[in-house]
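K.L.:
Quick one, fold the following:
(chains A, B and C)
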Amino acid sequence: MGRQPCCDKRGLKRGPWTIEEDHKLMNFILNNGIQCWRLVPKLAGLPRCGKSCRLRWINYLRPDLKRGAITEAEEEMIIRLHARFGNRWSKIASHFPGRTDNEIKNHWNTRIKKKLKVLGLDPVTHNPIEQHENCKAKHEGIQQSSSSREQEDNLELNSHDNSSSKDNQMSEREGKSSFGLDETNLSSINQVWESLEAGSMLKPEADPSNVFPVGIDEDLPADFLQQWIDSPSHMLSWDGFNNLEEILL
DNA sequence: AAACGTATCAACCGCTGGGGT
DNA sequence: TACCCCAGCGGTTGATACGTT
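P.N.:
Below is the predicted model:
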């Protein structure tokens, strides 16, 4: 029953990648490009599955990745986008060149969620928490027969709005939230951000170029990449990318 | 200094949807 | 139309770094 595994896992390595593995994968992709991820580990001589290689490349090795902590300006943008798209991390990440969906997802789960809770906002619905609780209580009062699990399921459905792509496309076109947010939700989010800005928790002078920093990988000078690959020190430190913007401009 | 708790993030797992046959 | 394969996605886990007692 079920699908066959994406690859024969016997003899395949798992867990953290070594510098040598990174080096091999980087070298292979830059020399050969990516046609089929399943073939990449075989051709590159890596004891990994294609999926693992793909993830490593996307989340760590891609030369156009932006390194360093997520700025407050980026954070603000993430919250606004999350209010609109929900947990569609790749969609959100597409607004941040150089950031990965995994990075944004992790940042959301570990930091932003908490921040919103402190600010009195429900990280799922982006509603003020009290209001949300009241609504829930009201709802429970009316529908005593329905189980709490059913309600959770409904919330889940609303929040995920998974791939009812038609709906999404429509609401995106109309400039509405595909996440089930109405004007009230969005304005409450905006109010919080305005108050944050007023209280200078945000740095208004934040350089907008930090948000959308780096161009696309095909623009990278080939010799720069090769130099980077050949240099063992760059495999140990990502500082080599700190001045990527200067190189690209 | 050691033990414990918490936060962070890289990596994995399983599901989904698109494309090809 | 049905099936298969694959890339991509989002949720979850586990290792480790960091902070606190």
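K.L.:
Which helix or which strand is home to A:A73?
P.N.:
A:A73 belongs to helix A:72-85 when assigned by DSSP states H and E.
K.L.:
what packs against that helix?
P.N.:
helix A:89-93, helix A:101-107, helix A:183-198 (3 or more C-beta pairs under 8 Å, 6 or more residues apart in numbering; DSSP states H and E). In short, each C-beta sits where N, CA and C put it, glycine included.
K.L.:
For chain A, which residues score under the pLDDT cut-off?
P.N.:
For chain A, the stretches flagged by pLDDT under 70 are A:1-11, A:129-249.
K.L.:
Give me the domain ranges for it.
P.N.:
A:19-63+A:220-243, A:72-210 (automatic domain parsing).
K.L.:
for DNA strand C, what are the nearby residues on chain A?
P.N.:
A:3-4, A:6, A:15-16, A:36-38, A:50-51, A:54-55, A:87-91, A:101-102, A:105-106, A:109, A:160 (C-beta under 7 Å from any atom of the strand).
K.L.:
Check those residues one by one and keep those near DNA strand B.
P.N.:
Okay, of the residues of chain A next to DNA strand C touching DNA strand B (C-beta under 7 Å from any atom of the strand), that's A:R3, A:C6, A:G15, A:P16, A:K51, A:L55, A:N102, A:K105, A:N106, A:N109.
K.L.:
Of those, which count as buried by neighbour count?
P.N.:
A:L55, A:K105 (16 or more other C-beta atoms under 10 Å).
K.L.:
Find the helix or strand that A:C53 is a member of.
P.N.:
helix A:50-56.
K.L.:
Going by neighbour count, which residues in that helix are buried?
P.N.:
A:G50, A:S52, A:C53, A:R54, A:L55, A:R56.
K.L.:
Does the second one touch A:P16 like I think?
P.N.:
No - counting by C-beta atoms under 8 Å, A:S52 sits too far from A:P16 to count as a contact (10.9 Å).
K.L.:
hmm, stretch A:116-123 touching DNA strand B?
P.N.:
No - using C-beta under 7 Å from any atom of the strand, stretch A:116-123 never reaches DNA strand B; the gap is at least 11.3 Å.
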